[in-house]
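Undergrad: Output the structure for:
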Amino acid sequence: MANPHAGEVEIRLDGQAWCAKLTLGALAELEAELGAESMIALVERFESGGFSSRDVMAVLVAGLRGGGWPGDGAQFLRADLAGGPVAAAHLAAQLLARAFRIEGA
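TA: Next comes the predicted model:
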């Protein structure tokens, strides 16, 4: 079970629940993967609604890997994500929001 206070989000792939979290290492991989000039620029893409499906997938894969999932982007593409594309966008936004949440705010 994911702990939102620890920045975790539950993602169900092929019927199995995985705990996802954007660790510092996962964020660094994500930044490199998307060629983002900064993580703030990536967050702003989500806040403005200017994100792509590639952005969503990269955030989810980075979060899953940060949570210990042994897969990669190719495996993610073949997996059945519970909730489909709309859920994927919501989960990616939750991961980013929880990664940059400031305690007490």
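Undergrad: where's the closest residue to Asp72 other than its chain neighbours, which helix or strand?
TA: Take Asp72 and drop its neighbours on the chain: the residue closest to it by C-beta to C-beta, 6 or more residues apart in numbering is Val61, 7.1 Å away. Using the backbone N, CA and C atoms, a C-beta is placed for each residue, glycine as well. In this structure, Val61 sits in helix 53-66 according to DSSP states H and E.
Undergrad: And the contacts of that helix?
TA: 9, 11, 13, 18, 20-23, 25-27, 29-30, 33-34, 42, 45-46, 71-73, 76-77, 81, 85, 88-89, 91-92, 95-96 (C-beta atoms under 8 Å, 6 or more residues apart in numbering).
Undergrad: Filter these down to the ones in strands?
TA: 9, 11, 13, 18, 20-21 (DSSP state E).
Undergrad: can I assume Ala82 is in contact with Arg12?
TA: Yes: between Ala82 and Arg12 there is a contact at 3.7 Å, judged by C-beta atoms under 8 Å.
Undergrad: who does the helix or strand of the chain with the lowest mean pLDDT touch, helix- and strand-wise?
TA: The least trusted helix or strand in the chain, going by mean pLDDT, DSSP states H and E, turns out to be helix 39-48, with a mean of 80. If contacts are counted by 3 or more C-beta pairs under 8 Å, 6 or more residues apart in numbering; DSSP states H and E, helix 39-48 sits against helix 24-34, helix 53-66, helix 84-99.
Undergrad: Quick check: buried residues in stretch 76-86?
TA: The neighbour-count check on stretch 76-86 (16 or more other C-beta atoms under 10 Å) flags 76, 79, 81-82 as buried.
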